[in-house]
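Novice: this is a predicted model, with the sequence first.
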Amino acid sequence: MTVKTTLEQRSLTGLDRFISGVDNRLRQLTGQSNQSPASSRPSPALAHQEPPLSARERDHAGALMRVNHTGEVCAQALYQGQALAARSDATRQSLLSAAQEEADHLAWCETRLQELDAKPSRLNPLFYAASFALGAITAVAGDKVSLGFVHATEERVAGHLR
């Protein structure tokens, strides 16, 4: 008789998922992990040739990208927090799928920060924790409220980008 002990072979509890998720993300946010989010799609920036930037323009672009990156960190945290407290498995899987789709944006932002020789915000762990908590608290109100929150958030982001 063999004992199966790998994570893939055992059923994770909510606490297991919480600890693992927070640990992985905090390691990424603080640079303590070699696991940078991988993009499943090519960056749209690859279709554009960047003109040469002055040092001032590069610094400004880096600052703007740092804000964008922090927004993507917060989006990941919201989805993960909501998934943790989701009441149904279907809602949990939907939220985790949405987070996976959004992971491309996070990876693209990280790549661009590196290209600009800019650093992510030092406050990202704090923003992540606050967004994760907000997502989890929203999910406690129920799956309908949680999914409505996702919809409203996406509408605000889309409006901001117009």
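Specialist: Structure's in. What do you need?

Novice: hey, let's count contacts and neighbours off CA atoms from now on
Specialist: Fine.

Novice: give me the distance between L53 and I137.
Specialist: Using C-alpha to C-alpha, to the nearest Å, L53 is found at 43 Å from I137.

Novice: now T91
Specialist: 15 Å.

Novice: who's more crowded, those two?
Specialist: T91 (19 against 16; other C-alpha atoms under 10 Å).

Novice: just give me how far the strand or helix carrying that one sits from the chain centre.
Specialist: Assigned by DSSP states H and E, T91 belongs to helix 89-115. How far helix 89-115 lies from its chain's middle: 5 Å, per C-alpha atoms, centre = their mean, to the nearest Å.

Novice: same check, this time on stretch 48-61
Specialist: Centroid separation between stretch 48-61 and its chain, computed with C-alpha atoms, centre = their mean, is 26 Å.

Novice: what's the first-to-last distance across it?
Specialist: Start and end residues of stretch 48-61 are separated by 16 Å (C-alpha to C-alpha).

Novice: let's check: the centremost residue of the chain is which one?
Specialist: Note on the chain: the residue nearest the mean C-alpha position is Q76, at 2.5 Å, using C-alpha atoms, centre = their mean.

Novice: tell me the contacts of that one?
Specialist: By C-alpha atoms under 8 Å, 6 or more residues apart in numbering, the contact list for Q76 reads A99, E102, A103.
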